[in-house]
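# 3D model of this:
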Amino acid sequence: MSAYRKVVVGTDGSESSFRAVERAATLAAGEDATLVIACAYVLADQRSVSHAADQLGDDAYQIRGDNPAEDIVRSARERAVAAGAGTIEVRTVKGAPVESLIKLADDVGADLLVVGNKGLNSITGRLLGSVPADAARRATCDVLIVHTT
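Numbers count the residues shown, from 1 in each chain. This next block holds a predicted model:
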């Protein structure tokens with residue numbers, strides 16, 4: 001019997017998050033588990049986005065309401081297929097990344113939540129919170145933090 005039957009992985013469209021998707025896909029393939037790829041998005045007012053963009057620079061796409069979540073999960077799915085995952089579901093979820101991923105993991109009965117380590121020691125992590133650290137503290141299932149940076 002496999003240890004993991006349902007694996008949830010979050011992606012924000014960054015190259016490092018796609019590396020987490022590939023690792024989750026490889027693990028799901030080896031466990032014959034379902035892989036659920038999720039991208040959270042937040043609707044934000046223009047003034048807040050502009051202020052945050054000034055602070056975050058290249059990482060500002062994470063807080064823009066126009067983040068192309070559907071395109072992101074489509075690209076992530078292609079990478080997951082290439083990494084060997086069999087059964088794949090994709091979801092776009094409205095809300096902050098940590099809350100959205102944890103709720104999704106609970107809703108689908110995930111055994112494992114996979115996130116990249118990006119943000120653990122960055123200005124983005126201090127301003128927006130660190131997805132990997134917060135997920136590890138708050139998830140009700142196992143959490144794998146993949147070294148992606």
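# break down the chain into its helices, ranges please.
For the chain, the helices defined by DSSP state H occupy 15-31, 46-56, 69-82, 97-108, 123-128, 131-138.
# can I get those in CSV including mean pLDDT?
CSV is the format used below for the helices of the chain (pLDDT from 0 to 100):
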stretch, mean pLDDT
helix 15-31, 94
helix 46-56, 64
helix 69-82, 93
helix 97-108, 92
helix 123-128, 53
helix 131-138, 82
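# nearest to residue 117, out of these?
Closest approach to residue 117 among the helices of the chain is made by helix 131-138 (5.3 Å; Cβ to Cβ). Where you see a C-beta, it was placed from the backbone N, CA and C, and this is true even at glycine.
# using CSV, list the CA coordinates for the closest one.
Extracted as CSV, the C-alpha positions of helix 131-138 are listed here (Å, rounded to 0.1, in the frame of the first residue of the first chain):
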residue,chain,number,x,y,z
VAL,A,131,4.5,30.0,2.1
PRO,A,132,6.8,27.1,3.1
ALA,A,133,7.2,28.1,6.7
ASP,A,134,3.5,28.9,7.2
ALA,A,135,2.4,25.7,5.3
ALA,A,136,4.6,23.5,7.5
ARG,A,137,3.2,25.1,10.7
ARG,A,138,-0.5,25.0,9.7
